[in-house]
Structure formats: C-alpha cells, structure tokens
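Colleague: Kindly return the folded structure for what I paste below:
(4 chains)
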Protein chains: 2
Amino acid sequence: MLVPVTLAHVAQEAGVSPSTVSRILNGTANVTPEKRARVEAVIARLNFKPNPQAQALANGRSLTIGVITPSLNSTFYGEALAGVEAVLNDTPYHPLVISGQWRPEREQEALDVLLLRRVDAVILMGGILDDAILERVAQRVPLVALGRDVRGLSERCVVMDNRLGMRAIVHHLLHLGHRDFAFIGGAERQQDAVERRESAVATLHGAGVTIPNALLESGEYTEDGGREAAGRLLATGLPFTALICANDQMALGARLTLYRHGLRVPEDVSLTGFDDVITSSLMTPPLTTVRQAIYDMGEVAARAALSLLRGEGVSMQVFTPELIVRESTHPPAGVRRAAAPSEVRR
Amino acid sequence: MLVPVTLAHVAQEAGVSPSTVSRILNGTANVTPEKRARVEAVIARLNFKPNPQAQALANGRSLTIGVITPSLNSTFYGEALAGVEAVLNDTPYHPLVISGQWRPEREQEALDVLLLRRVDAVILMGGILDDAILERVAQRVPLVALGRDVRGLSERCVVMDNRLGMRAIVHHLLHLGHRDFAFIGGAERQQDAVERRESAVATLHGAGVTIPNALLESGEYTEDGGREAAGRLLATGLPFTALICANDQMALGARLTLYRHGLRVPEDVSLTGFDDVITSSLMTPPLTTVRQAIYDMGEVAARAALSLLRGEGVSMQVFTPELIVRESTHPPAGVRRAAAPSEVRR
DNA sequence: ATGAAAGCGCTAACAC
DNA sequence: GTGTTAGCGCTTTCAT
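Modeller: Numbering: from 1, shown residues only, chains lettered A, B, ... in the order given. I've put the predicted structure just below:
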C-alpha cells in the first residue's frame, strides 16, 4: 500500500478495461459474471479502494456531508453530532464538521467552506444565520436544519416543540403550588429562546401568575450565562420559590449561584432546566427538566439528508418533549404537594 | 456562483494561460507585476476559489487534517477539538473528525478512512490502538498524538504529566489530614488510567497510607462509571473520608451516589477529580481537581501537525498539571485544617 | 517569464 | 457487454 493501487492497476491485472472495473465498482452496468468475479478477486487481492478525491472530481459527489454545529465543545450538540455520525457510519458518507460559534460571520464562512469542498449535503445545527441565506443555500445543495425552523424550509427541519416542553415545566411547578417565579432565558436572537420564554410567560399568565419584569432575566445559553443571570435575580431582592431556566447548562450555572447564596434546592428554590443533557441527572440534586431526544434528532437529521441526496422527499419532524421530574423541584415551603398527572420520574 | 468558476475561466478572462494563474495562486514562480495584477483582479471579480478536490488530485495534498477523537460527545475531548479547530482556522487546512468510541476496530476504521481520504496529517486523541500500528501509520503520514504517549513517537505526543497531577491531589488530601482513602480509577487499557492509579497508590504509600483493596475500584471514564464504582465502594461498608476519582466525569457520577446515600461533600467525604472540565467548577460543591489545559493541548497538537506538514521537526510537549482547590475537599471530621502550600483557589 | 501539454484517478458518453 | 475516449479542475514538467 506504499504506492497506492489505482483502478488502472486493477484493470490491467484483471485484463479488462478501466471502465469495466469502474462499472463493477458502481454497479453501473451489466458485466459478465466471470469477468466480474475475476475483477473482484483482483480488487480483493490488491486491496484496492477507489480514491475519493478522484471520484469526487469525476462525478461531482464527494461522499461528504457538511455539518455546522454552533460549538464543538457542547454537551448538547455533541450528542446530536454523535447521532449524525452513527447514521452516516453505515453509509459511504462522512461528516465534515465545522463550528459556527454562534457568530453569523463564522457560520457564513463555514457554509462557504462546505460548499467549496463540494459537500453533498449540509446539516445545520442551531445557528443564527438568516433564513433567507439558508433558503438560497438550500437551492444549491440538500440542506436540513436541526433545532431551528427555517422559514420556507420547514419540511427539512428537525425540531422539538419548545412551547409544549416549557408548558409542561410550568404546569409541573404550578401543580406543586408555586406562585412566585423567576425566569432565565437564552439570547433572543435564537428562535428557541424566544419560544421558551413566550411559552413560560403565557402559560403562567393563563394560570393568573405574572413574573415581575425584574425577575425575567436572560443571558447566553451557557453555564456562565446562567450563573450571572441568577446573580442579577437575587440582587433584586424580590422573592421567588421557583426558578425556570431555558436550558440545562444555565440551570447548572444558576445552581452554583444559589449555592453561593446559601439557598437550598429544592427546599428554598425549585429549579428547572431544559434539554436533559447528561450532567443534569447527576446534579445535586438531579435536575427536573424536559428531555430533548437530541441524539435521535441527530439521527433523523442525517437520515433526512441522505433522503434528500437520493432525491427522495422528506417531511418535517417535530419531536415531542418529555417532562423529566427529578429532585430539584418540590412544593414551596408550607405547601403540601399534590400529585401531578402524567409525569415521569427517573 | 451557480456555475462554479474555474481556473480556466479566470485564465481566459485575463488573457493568460492556466499555468500562469496557477503560478500566481501558488506563488510558484515569478510573474510580471502587471500580469499578476490583471489576474488577481479577475480572480477577485469572479470570486474564484480553486476547487480543493482538483488541487488534491493534482498535487496530492488535501488540505485536510484527520482527527480521531474517542467520542464526539465528550466535554473533555470536545475542548481539545475546539483548540485544534481554532488553530486550523487561520490556515487553509480543515479538520476531518471521526470518533473511535474507545474501540480498536473503530479506531482502525477511522484511520483507514482518513488515509483513504488522503488527509495531510493525523491527530489522534486518546485511543487504545496499538503503538506498533501507530508507528507504522506515522511513516505514511505526519501523526501527532494527544493525551497518550506512543512508544517510539514520543516527540510527537502532546501529553500531561499524570503522575505529577495525581501526586498533587494526594498531597493536598494528606495535608488536610485524611488517612482513610478510597480510589476510583479508569479502565486500565488506557495508559493514563494506569499512571493515575499507580501515582495515587505510590504517593499514599510514601506517606505510610495504604488503600484497602476493596476500596480500590475502577470503571469506565464516564459519569456512570463513577456512579457505579462509588456504589460498590459504599457497599463494602469500609470507612473512608476521601474519595479520589481518576477524572472529573467519574467524580460527578460518584457525587450523585454519595448524595443518594446521604453523605455530604465535603463534610463526610472529600471528593476529587482530574481534568477540570467546565462542569466541575459548577458542581455543588465545586470540585477540587487538577487542571489539564486540554484546549491548549489541542492547539499545540494542531500546531505540531502543521509543523510536521512543513517538514519541520517537533519536540515533545509535556503539560504540567495545576492543582485547583475548590470546596469539595475539607479536613476530615475532627481535624483542623492546615494551610497547604502552593495551592490555587478559584 | 509564460504557454503547451501531460497527467492526477476516476467516470461516463460514445462507439462497436 | 465492453473498450475507447474525453473530460472533471488543477499542477507541473518541458519547451520556448
């Protein structure tokens, strides 16, 4: 394998023309069984593998699927990536992953690189690039989005119902008897952050509860974002017995701030997250949250990309969130807990 | 950009031959300033970008660096990946990431794919592939390893001094007054797991302390691994005031088990980790651990790969671990804490 | 200094 | 069915 064996070698060795070998490789045409056997024997003996770059140049497909993830070191998107990889593993395709860092320029660059490298399809996770741009890209290359709904491309989007999930959380807390809420949302340039906040506020409103503006905080979808936002909430001096965070990472950060202020979870404050990343079940106490089947969403996105590639259609996938009740939520002090309907405990 | 513009277009438009354009692109030879200017203008106007696949086919370099990571959804290796990506960002190279899942066959496959795709260099993170295999691969393509020391390839390995780090942890605990230890190590097929365990045992031994065999547990380097191992430790009924874990993820899992058993950290049990992943500073209580500058290691690995690519040499990089004392460690009950020398608190 | 021409390894349209 | 012949888009001798 020091001098890589080429298709031409195989052809010569088997006494056939290069095209025949190519045909056998691609199943492009019928070949006499005996010739096929002969060629396949040589391929096996020489351990020949076609050069993907040459194939790409010749037939325009690179066997590569571009993936844009907001961040390579994110538990959440890491799971999705793993799902994508698992699906592509059974195919000749490989993912080419680039991170966008939640910055439009970086995302644009990532997209440019992927197109330049002639990826056969693109999977976009999250991100904040304009819908209009994406729509344009989608005309050049099969595109599927994960975790965001692109206007005009809805049937290519793998999303979860954020509103439904947040509603479940809020109902759970209301059921426990909470009336004094605080909320930490994500940066509102991201669609899901908006949806989660709106849903929380609306659901509470429906129950006759209003969150004071000062207790409606937001920040980056990160541990630090949550930590800092929680600090600002406590600084207001306003009372609350339940703190709703727009994702688990923020909840993790907020939990540290509560700890620093000597507030116990759940005795003093009930805390909730969103996503159910792996660490959430390991927090002390384990976090009540809403599960996004993010690994599965990655798988679905990859399958959708493959379908588009084959020219088949795909249909929108909306994942239903699942409320996961753990120990970070309790009735507020002085309230006896009433069993909530249809909740899952793990 | 619908019909991609090629080098030939540029040549024609500028009234020169393709070779001239190529030369300008690669700085391969001298070209009259005026011609160069003319061509560059056309390149800019047409927004021409050379097709990487064609370049790869023609000159044998793919501008791609293969990265094998044990897992795409790992906080630890995710950080390293981010470091690699950050460095490559300023170069024409791009990472092609494949995960090995801690399984030799998968790693081997990943390696095969990368070589087939003609990556210009390979960065191997962790992994359990035989040193012999890697040595062979290293003859075909520039290879650098991260987080493991490959026999015969030491100068291409970016590692941290595991023994030193573990020694710091143990000394810290000894200093606090602990005498009754338990230990949870990683799977010993991994080098660093062996080093960390040996160092812990040896350092304790040096202080006249022995861990009973039953309190010397091990498991996968994961949250679940730590959770389960801690369960087995507690099941022995043997007393211990300090629990040393071979990495942060295990410590996180162990922490949950302690919580479940009603044991407080650090009042009842002091707990330590290794790596200082992001979540460790957010645990309740924040975890005492040893910092691996894993992001930096990723950067260094990427730079080393680039150096090898240019035919320059590289030299071994050993990172020095840094003890990070947080709130998960305390003197054991009844012992007054003595200030430990040279420790960092954050 | 620059153009012509021959590949890089493969695929595909075209003959036979 | 199968071989011949052009490319795919770029690089790189080899001339001039």
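Colleague: Quick check: mean pLDDT of the helix or strand where A:Val144 lies?
Modeller: A:Val144 belongs to strand A:143-146 when assigned by DSSP states H and E. With pLDDT averaged residue by residue, strand A:143-146 scores 97.
Colleague: Against which helices or strands is it packed?
Modeller: strand A:121-125, helix A:131-140, strand A:157-160, helix A:294-309 (3 or more CB pairs under 8 Å, 6 or more residues apart in numbering or on different chains; DSSP states H and E). (Each C-beta comes from the backbone N, C-alpha and C, glycine too.)
Colleague: what does the longest one contact?
Modeller: By that I understand helix A:294-309. The contact list for helix A:294-309 (CB atoms under 8 Å, 6 or more residues apart in numbering or on different chains) reads A:65, A:76-77, A:79-88, A:91, A:93, A:120-123, A:125, A:142-147, A:156, A:158, A:160, A:275, A:313-314, A:317, A:319.
Colleague: cool, the third one as well?
Modeller: Identification of contacts with strand A:157-160 by CB under 8 Å, 6+ apart yields A:144-150, A:292-293, A:297, A:300-301, A:304, A:316-321.
Colleague: in its sheet, what does the helix or strand hosting A:Val97 sit against?
Modeller: If you go by DSSP H and E, A:Val97 is part of strand A:94-99. When pairing is defined by DSSP bridges, strand A:94-99 lines up against strand A:64-69 (parallel).
Colleague: Report the mean confidence score over the strand it pairs with.
Modeller: The model assigns strand A:64-69 a mean pLDDT of 97.
Colleague: One more: stretch A:258-265?
Modeller: 96.
Colleague: if we can go back for a sec, now the helices and strands packed on strand A:143-146 in JSON lines, with mean neighbour count?
Modeller: Output for the helices and strands packed on strand A:143-146, formatted as JSON lines (neighbours: other CB atoms under 10 Å in any protein chain shown):
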{"stretch": "strand A:121-125", "mean neighbour count": "27"}
{"stretch": "helix A:131-140", "mean neighbour count": "15"}
{"stretch": "strand A:157-160", "mean neighbour count": "24"}
{"stretch": "helix A:294-309", "mean neighbour count": "22"}
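Colleague: what's the closest of those to B:Ser19?
Modeller: Closest approach to B:Ser19 among the helices and strands packed on strand A:143-146 is made by helix A:131-140 (30.1 Å; CB to CB).
Colleague: close to DNA strand D, is the closest one?
Modeller: No. Judged by CB under 7 Å from any atom of the strand, helix A:131-140 and DNA strand D are separated, with a smallest distance of 14.2 Å.
Colleague: mean confidence score for that helix?
Modeller: The model assigns helix A:131-140 a mean pLDDT of 94.
Colleague: circling back to that earlier point, contacts for the strand holding A:Val97, please.
Modeller: Outside of strand A:94-99, the residues within contact range by CB under 8 Å, 6+ apart are A:63-72, A:81, A:84-85, A:88, A:106, A:110, A:113-114, A:117, A:119, A:123, B:82, B:85, B:94-98, B:113, B:117.
Colleague: hey, C-alpha coordinates of it in CSV?
Modeller: As requested, the backbone C-alpha atoms of strand A:94-99 are provided in CSV (Å, rounded to 0.1, in the frame of the first residue of the first chain):
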residue,chain,number,x,y,z
HIS,A,94,-18.7,11.1,6.1
PRO,A,95,-19.4,14.2,8.1
LEU,A,96,-17.3,17.2,7.8
VAL,A,97,-17.9,19.2,10.9
ILE,A,98,-17.3,22.9,11.3
SER,A,99,-18.3,25.1,14.2
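Colleague: could you give the angle of it to helix A:294-309?
Modeller: Regarding strand A:94-99 and helix A:294-309, their directions subtend 120 degrees when assessed with axes from the mean of the first three to the mean of the last three CA atoms, to 10 degrees.
Colleague: which of the residues in strand A:94-99 are buried?
Modeller: For strand A:94-99, a neighbour-count test (16 or more other CB atoms under 10 Å in any protein chain shown) marks A:94-99 as buried.
Colleague: cool, stretch A:182-190 as well?
Modeller: Those would be A:182-187, A:190, for stretch A:182-190 by 16+ other CB under 10 Å.
Colleague: Identify all contacting residues around it.
Modeller: The contact list for stretch A:182-190, computed with CB under 8 Å, 6+ apart, reads A:126, A:128, A:148, A:192-194, A:196-197, A:200-201, A:211, A:215-221, A:225-226, A:229-230, A:233, A:238, A:240, A:242-247, A:250, A:254.
Colleague: And the strands in chain A?
Modeller: For chain A, strands defined by DSSP state E occupy the ranges A:64-69, A:94-99, A:121-125, A:143-146, A:157-160, A:181-185, A:216-218, A:242-245, A:270-272, A:289-291, A:317-319, A:322-325, A:344-345.
Colleague: what sits against A:Arg179?
Modeller: With CB under 8 Å, 6+ apart, A:Arg179 has these contacts: A:209, A:241, A:332.
Colleague: let's see 10 Å
Modeller: A:Arg179 sits next to A:173, A:204, A:207-209, A:240-242, A:332, A:335 when contact means CB atoms under 10 Å, 6 or more residues apart in numbering or on different chains.
Colleague: And stretch A:134-153, end to end?
Modeller: End-to-end distance of stretch A:134-153 (CA to CA, to the nearest Å): 9 Å.
Colleague: wait, what's in contact with the closest residue in space to A:Tyr259 that isn't next to it in sequence?
Modeller: The shortest distance from A:Tyr259 to any non-neighbouring residue, by CB to CB, 6 or more residues apart in numbering or on different chains, is to B:Thr284 (4.8 Å). With contact taken as CB under 10 Å, 6+ apart, B:Thr284 is in contact with A:252, A:255-256, A:258-260, A:264-265, A:283-285, B:255, B:259, B:265, B:327-328.
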